[in-house]
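Chemist: missing the sequence, but the structure's below:
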Ligand SMILES: CC(C)(COP(=O)(O)OP(=O)(O)OC[C@H]1O[C@@H](n2cnc3c(N)ncnc32)[C@H](O)[C@@H]1OP(=O)(O)O)[C@@H](O)C(=O)NCCC(=O)NCCS
């Protein structure tokens, strides 16, 4: 069974190693995560399996009555296709709503069909493309969901 909880400082090293695996083009460092975890405008959640291992995570930046930015969402390959990302997205979206966020925004690599499928299934629409956002030749699709 998969359970969900807020992330804490003890999870930091797992976030860093999973980032290297899931986001090799833009992993965050331990010091970046440390700063993010300590900010009251950021919220990170994790999905845990029966062995207490982190199998998925998500984070959001929600500074108040403006748009919130999704910072990350990832699920380890062995646990994909089970609705874990959907559940993580619901948790961070609920938290952003509670902060008064007006919309959810994110940038996703234009060739990341799994993630784009996830966001479209949740009602996100594409605003525009940002060229070279993730590095030379790595374009981002900007997506948005209105919250109201
Ligand atoms: C994208 C990712 C987070 C999806 O995680 P997941 O737990 O497998 O997703 P879910 O099982 O919750 O699926 C939710 C929806 O996403 C879509 N989706 C998931 N996998 C998909 C695939 N392979 N192709 C198309 N759509 C897909 C579907 O609409 C699915 O809903 P459905 O099962 O009702 O059809 C996962 O593939 C991942 O970690 N990828 C690497 C990291 C990454 O790219 N993160 C996003 C960065 S912007």
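Modeler: Cool, the structure landed. Note that the structure is a prediction, hence the values are computed from the model and not measured.
Chemist: what does the protein have sitting close to the ligand?
Modeler: 22, 73-75, 80-86, 108, 112-115, 117-118, 121 (Cβ under 6 Å from any ligand atom). C-beta: built from backbone N, CA, C; applies to glycine.
Chemist: How many residues are close by whichever residue of the chain sits closest to the ligand?
Modeler: Proximity of the chain to the ligand (Cβ to the nearest ligand atom) peaks at residue 117, 2.3 Å away. Burial of residue 117 is recorded as 10 neighbouring residues (other Cβ atoms under 10 Å).
Chemist: does it sit in a helix, a strand or a coil?
Modeler: At residue 117 the chain is in helix, as set by DSSP: H, G, I helix; E, B strand; the rest coil.
Chemist: Which residue ranges of the chain form strands?
Modeler: Using DSSP state E, the strands found in the chain span residues 3-6, 42-48, 54-61, 67-75, 103-109, 125-130, 140-146.
Chemist: which residues are in contact with the element among helices and strands of the chain having the smallest mean pLDDT?
Modeler: Least confident helix or strand, the chain: helix 30-37 with a mean of 94, by mean pLDDT, DSSP states H and E. The contact list for helix 30-37, computed with Cβ atoms under 8 Å, 6 or more residues apart in numbering, reads 7-9, 12-13, 15-16, 28, 42, 44, 59, 71.
Chemist: Report the buried residues of that helix.
Modeler: By neighbour count on 16 or more other Cβ atoms under 10 Å, the buried set for helix 30-37 is 33, 36-37.
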